[in-house]
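>>> okay, here's the prediction I keep looking at, along with the sequence it came from:
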Amino acid sequence: MISLLTPHQTRSNPKIDALAARTAPGMAHFAGTGPRGETCGHCSHFDGKHQLCNKFIELTKAQRRRGAPKIKSNLAACKYFEPKPTTTKQKFARERE
Ligand code: SF4
């Protein structure tokens with residue numbers, strides 16, 4: 001991610017910088033601020049077909065196909081994470097991962 005700091009600004013909070021470095025454009029919030037071990041691929045806001053975060057689209061009012069950057073399913077979940085409804089079989093498979 002491109003740093004927003006210039007040589008004339010003081011350094012911001014290192015924790016925020018670390019979160020921002022892990023976060024991809026198109027995510028609704030900082031990666032890793034959601035439940036531990038969860039990923040975007042397990043979130044109900046994730047559109048796997050188009051690789052988009054619907055929460056990002058809602059918050060930014062980005063146009064679905066043109067304005068929203070694609071994200072990867074393996075990114076650490078953000079604070080807006082909501083689990084996808086799963087079948088019992090999928091739940092057991094995830095617990096074995
Ligand atoms: S965890 Fe969910 S809401 Fe957050 S960026 Fe990933 S898909 Fe979007």
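Yep, that arrived.
>>> what helix or strand does residue 19 sit in?
Taking DSSP states H and E as the criterion, residue 19 maps to helix 14-22.
>>> quick check, that helix touching the ligand?
No. Residues of helix 14-22 are not located near the ligand by Cβ under 6 Å from any ligand atom, the shortest gap being 11.7 Å. C-betas here are computed from N, CA, C, even on glycine.
>>> figure out how far that helix is from the centre of its chain.
Its chain's average C-alpha position is 14 Å from that of helix 14-22, according to Cα atoms, centre = their mean, to the nearest Å.
>>> check stretch 46-55 too.
The gap between the average C-alpha position of stretch 46-55 and the chain average comes to 10 Å, counting by Cα atoms, centre = their mean.
>>> just the mean pLDDT for that stretch, thanks.
Predicted confidence along stretch 46-55 averages 95 (mean pLDDT).
>>> now it: buried residues?
Residues of stretch 46-55 classed as buried by neighbour count (16 or more other Cβ atoms under 10 Å): 46, 51, 52, 53, 54, 55.
>>> and the end-to-end length of it?
End-to-end distance for stretch 46-55: 8 Å, by Cα to Cα, to the nearest Å.
>>> circling back to that earlier point, so which bits of the helix holding residue 19 are buried?
So, applying 16+ other Cβ under 10 Å, buried residues of helix 14-22: 19, 20.
>>> residues contacting residue 39?
73, 74, 75, 76, 77 (Cβ atoms under 8 Å, 6 or more residues apart in numbering).
>>> ugh, wrong one, residue 66
With contacts defined as Cβ under 8 Å, 6+ apart, residue 66 is in contact with no residue.
>>> measure it to residue 48 for me?
For residue 66, the distance to residue 48 equals 19 Å [Cβ to Cβ, to the nearest Å].
>>> with residue 15 instead?
30 Å.
>>> same check, this time on residue 55
Residue 55 sits at a distance of 14 Å from residue 48 (criterion: Cβ to Cβ).
>>> ranking the contacts of residue 39 by neighbours, who comes first?
Counting neighbours by other Cβ atoms under 10 Å, the top entry in those is residue 77, with 26 neighbours.
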